[in-house]
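K.L.:
Need coordinates for the following:
(one chain, ligands or ions: 1)
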Amino acid sequence: MRRKLAGLRILITGASSGIGRALAILAAEAGAKLLLTARREDRLDELLEVVHAKGADAKYVVGDVTDPALRQKLLEKAQHEYQGLDVLVNNAGVGAYGSFAEASPERLRQLMEVNFFAPVELTRLFLPMLEKGRTPAICNISSILAHRAVPGKSEYCASKFALHGFSDALRAELSSKGIDVILVSPSTTSSEFSSSVIEKKGKAPATGKFTRTPHDIAAAALRAIRTGKHEIIPSKTGYAMVLLDRLWPSLADWAVAKLG
Ligand SMILES: NC(=O)c1ccc[n+]([C@@H]2O[C@H](COP(=O)([O-])OP(=O)(O)OC[C@H]3O[C@@H](n4cnc5c(N)ncnc54)[C@H](OP(=O)(O)O)[C@@H]3O)[C@@H](O)[C@H]2O)c1
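P.N.:
Numbering: from 1, shown residues only. Below you'll find the predicted structure:
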C-alpha cells in the first residue's frame, strides 16, 4: 500500500541515536507527527529541538523498551497526544559478540528481550490502535544477519532471525486488515551500535569497508514505508551475501567460517 508521510503518526523506538534518530529527522522533514522513545533523555531532548525546528509535532517517552510499563505509557501517550497511531517502527536493538560456548545465558536472554520480545509485545499492544489508523504499517528494523548468520554473534543472529520469522507470519495475518509489515535488513551501519554492544569477548567482528550511514538506512526504510515495499536489504554487499547463501549455501558456510 502506498502512503503519504505528511500527517502520519509514527512511533520510533531507539530514537536517541543512529538509524532511529535519522528516521525521526527524515520523517519530521516529511511532515510526520512523531512519538519517540529510548533510555537517554538528554539525547531525546536534543532530538526534539532538531525536529521542532523543522516544524514537526513530536513528543517523547523515556524508558527501557523491555519494560511493560514503558510500553503501556507509549500507548497512553499516543492516544492522549495524537488520538492514535499509524506507523510503528521497531528499531531499538543491541548486539554482543563472542563465541556461544563462552557466553552466559544472561547474554542470550538480554538480546532476545531487547531485539525480539520487546518489539513483538509492543506490536501486540499497538495492534488494535493500528487497525484504526490511516494507512497503517509496522516497520521492523532487522539485520542482514536475519538472512545469513555469522560466527561470534549467535544470539544476535538468533534474535534477528526470530524477528524476521515473526514479521513474515504477521504480514500474512494482517494483510486482510490492511496493515503492512515491512522488514528492513541493514548491513554494517556507522552508528553507535558497535560501541554499545552489551558484551565483547574475543576478536571484534570485521566491519567491512562498505559501511552505510544511518541516514542511508533511514531514507531506505522511509521509502519502503511510503511505497509499502515489504522487505528491503539496503546494501549491495548484503544482497550479494543473501544471494550466495540461497544459491550456494556450502560456499557461504565456508566463507563466513573463514572470514567471520
Ligand atoms: N549499526 C549496524 O551495523 C546495524 C546493522 C544491522 C542492523 N542494525 C539494527 O539497527 C537498529 C538500530 O541500531 P543503530 O545502528 O542505530 O544503533 P545505535 O546507534 O546503538 O542505536 C540503538 C538504539 O536503540 C536504543 N536501545 C537499545 N537498547 C534499548 C533498550 N533496552 N530500551 C530502549 N531503547 C534501547 C538506544 O537508545 P538508548 O541507549 O538511549 O536507550 C538507541 O537509540 C538495531 O535494531 C540494530 O540491531 C544495526
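
K.L.:
contacts and neighbour counts: CA atoms only from here.
P.N.:
OK.

K.L.:
Tell me how many other residues crowd the nearest residue to F100 once chain neighbours are set aside.
P.N.:
Of all residues not flanking F100 in the chain, S154 sits nearest, at 6.4 Å (CA to CA, 6 or more residues apart in numbering). Residues lying near S154 (other CA atoms under 10 Å) number 18.

K.L.:
Okay, I225 and the ligand: tell me how far apart.
P.N.:
As judged by CA to the nearest ligand atom, to the nearest Å, I225 and the ligand stand 16 Å apart.

K.L.:
From what I see, that residue and L23 are in contact.
P.N.:
No. Taking contacts as CA atoms under 8 Å, I225 lies outside contact range of L23: 11.3 Å.

K.L.:
that older thread, the residue nearest to F100 reaches A101, doesn't it?
P.N.:
No. S154 lies out of contact with A101 (CA under 8 Å); the separation is 10.1 Å.

K.L.:
Following element in sequence after the one helix or strand A172 maps to, please.
P.N.:
Secondary-structure assignment from DSSP states H and E places A172 in helix 154-174. Per DSSP H and E, the first helix or strand lying C-terminal to helix 154-174 is strand 180-184.

K.L.:
strand partners of that following strand, parallel vs antiparallel please.
P.N.:
strand 137-141 (parallel), strand 231-232 (parallel) (DSSP bridges).

K.L.:
Distance from the chain centre to that strand, please.
P.N.:
Relative to the mean C-alpha coordinate of its chain, strand 180-184 is positioned 10 Å out (CA atoms, centre = their mean, to the nearest Å).

K.L.:
could you give the angle of it to helix 154-174?
P.N.:
160 degrees (axes from the mean of the first three to the mean of the last three CA atoms, to 10 degrees).

K.L.:
residues making contact with strand 180-184?
P.N.:
The contact list for strand 180-184 (CA atoms under 8 Å, 6 or more residues apart in numbering) reads 1, 136-143, 164, 167-168, 170-171, 174, 221, 224-225, 228-234.

K.L.:
Quick check: PyMOL command selecting the buried ones in these.
P.N.:
Here is the PyMOL command that selects the buried residues among the contacts of strand 180-184 (16 or more other CA atoms under 10 Å):
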select buried, resi 136+137+138+139+140+141+142+143+164+167+170+171+221+224+225+228+229+230+231+232+233+234
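
K.L.:
that older thread, just checking, what packs against the helix holding A172?
P.N.:
helix 105-112, strand 180-184 (3 or more CA pairs under 8 Å, 6 or more residues apart in numbering; DSSP states H and E).
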